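# model this:
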Amino acid sequence: MARIPGYDDGFNAEDVSPAGSYDPLPDGWYAALIDSSEVKQTKAGNGEYLALRFKIVEGDFENRTVFTNLNLVNPNAQAVEIARRTFSSICHAVGVLNPEDTSELHGIPMSIKIKLRPATDQYAASNDVTGFKALTEGDANAPW
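Reported below is the predicted structural model:
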């Protein structure tokens, strides 16, 4: 038998809202912001990618997260070009055109386009972040 950490008097599930579903989000544009970024080594060890986590900031999916990786250092020149163009789109969306550190992009609302990637025999359904644009006042996705 194991004691529940942090609950010396026992845990009452009626006092805590259950976690929501983590099914992939439907296709569409969402108000979001970057809340985490990290540079990681590729599995092959011959490159680096920028791992970004986006938090949805409004609507039915508020506080859900989605992720994207940008292969900024990679032996595949096409992968690098795609990553550089995507990073440029993100920078334009948040209005930080010359970042020296990825943390400069954190916490600035933008609109991100999410596409549902259907399940395959090998993988469950998931989301891809496929577009970025600035939020403007009056925008249907604007969090103000």
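
# so how far is N12 from R3?
To N12, R3 is 15 Å away according to C-beta to C-beta, to the nearest Å. C-beta coordinates here come from the backbone N, C-alpha and C atoms, glycine included.

# Please state the mean pLDDT value computed over stretch 74-81.
In this model, stretch 74-81 has an average pLDDT of 96.

# Residue numbering should commence at 8 henceforth.
That works, and once the first residue is 8, the last one we named lands at stretch 81-88.

# tell me which residues in it are buried?
Neighbour-count burial for stretch 81-88 flags 81, 86-87 (criterion: 16 or more other C-beta atoms under 10 Å).

# Also stretch 135-145?
For stretch 135-145, the neighbour count (16+ other C-beta under 10 Å) marks 136, 139, 142 as buried.

# what residue lies at the spatial centre of this structure?
Centroid-nearest residue in the chain: F61, 2.7 Å away (criterion: C-alpha atoms, centre = their mean).

# For that residue, list the residues it contacts.
39-42, 72-75, 119, 136 (C-beta atoms under 8 Å, 6 or more residues apart in numbering).
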